[in-house]
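>>> Build the 3D model from these lines:
(2 chains)
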Amino acid sequence: DAGITQSPRYKITETGRQVTLMCHQTWSHSYMFWYRQDLGHGLRLIYYSAAADITDKGEVPDGYVVSRSKTENFPLTLESATRSQTSVYFCASHGTGGGGELFFGEGSRLTVL
Amino acid sequence: AQSVTQPDIHITVSEGASLELRCNYSYGATPYLFWYVQSPGQGLQLLLKYFSGDTLVQGIKGFEAEFKRSQSSFNLRKPSVHWSDAAEYFCAVGAGNQGGKLIFGQGTELSVKP
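You can find the predicted model right below:
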């Protein structure tokens, strides 16, 4: 199906483990984003990418790594998970042109014990 | 600093009553403004957006919003709320030329009483 999909939808891990959240979009959108959603904070931008092999930090990048070798994929890696990274993570995309409307995935709920 | 403020964390309205959700922004450039809705366990869906022109914009599901530059506000309204409108609502602002990088408010949770 066309759209933006995230996996896994739910993940429980332990402190110190590496976790990768996957994001795949079928629209060939140039721009992709990772946000985290926490109570009282709304959505905060972690990283974004303007195209394959171009990534940049957002508001809260510490502890996260991203890559974008293909236009359609934008994985987010927590190299050594911490409890403060327990959150719901949303991937989003946006094509060139237009006025900035984002299309969101359904989210990945991560719990770090 | 660029920011979006949604003063109401939680609002409860009766079904059939009117609704207004407040949003104030601080942004250095001409703002592109958005309202998104999030149902439980779901991603965010765009309700409406404002870029330019008529300051009253219509969206999906019977929602509308009015841009008031002098008040730096973009309040969301609906004349008659349905039980299915219960959700979390996010206001967001961006520059339009930054590839969709948006700043979001903290969200307003809407509950609907029967």
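
>>> Remind me what the helix or strand encompassing B:Trp35 packs against, helices and strands.
According to DSSP states H and E, B:Trp35 maps onto strand B:32-38. Other elements packing on strand B:32-38 under the criterion 3 or more Cβ pairs under 8 Å, 6 or more residues apart in numbering or on different chains; DSSP states H and E are strand B:44-50, strand B:64-68, strand B:73-78, strand B:87-94. In short, each C-beta sits where N, CA and C put it, glycine included.

>>> Note down every partner strand of the second one and its orientation.
Put plainly, it is strand B:64-68. strand B:56-58 (antiparallel), strand B:73-78 (antiparallel) (DSSP bridges).

>>> cool, the first one as well?
Paired with strand B:44-50 in the same sheet, following DSSP bridges, are strand B:32-38 (antiparallel).

>>> re earlier: what's the angle from the strand holding B:Trp35 to strand B:87-94?
160 degrees (axes from the mean of the first three to the mean of the last three Cα atoms, to 10 degrees).

>>> Extract the CA atoms of strand B:32-38 and return them as PDB.
This file holds the C-alpha atoms of strand B:32-38, laid out as PDB (Å, rounded to 0.1, in the frame of the first residue of the first chain):
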ATOM      1  CA  TYR B  32       2.700  28.800   7.400                       C
ATOM      2  CA  LEU B  33       0.100  27.500   9.900                       C
ATOM      3  CA  PHE B  34      -1.400  24.000  10.400                       C
ATOM      4  CA  TRP B  35      -3.800  22.200  12.500                       C
ATOM      5  CA  TYR B  36      -3.400  18.400  12.900                       C
ATOM      6  CA  VAL B  37      -5.600  15.900  14.700                       C
ATOM      7  CA  GLN B  38      -4.400  12.700  16.400                       C
END
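
>>> ok, and what's touching it?
For strand B:32-38, the external contacting residues (Cβ atoms under 8 Å, 6 or more residues apart in numbering or on different chains) are A:99-101, A:104, B:21, B:23, B:25, B:44-51, B:59, B:61, B:63, B:65, B:67, B:74, B:76, B:87-96, B:102, B:104, B:107.

>>> filter those residues to the buried ones?
Among the contacts of strand B:32-38, the ones that count as buried by 16 or more other Cβ atoms under 10 Å in any protein chain shown are A:99-101, A:104, B:21, B:23, B:25, B:44, B:46-51, B:59, B:63, B:65, B:67, B:74, B:76, B:87-96, B:102, B:104, B:107.
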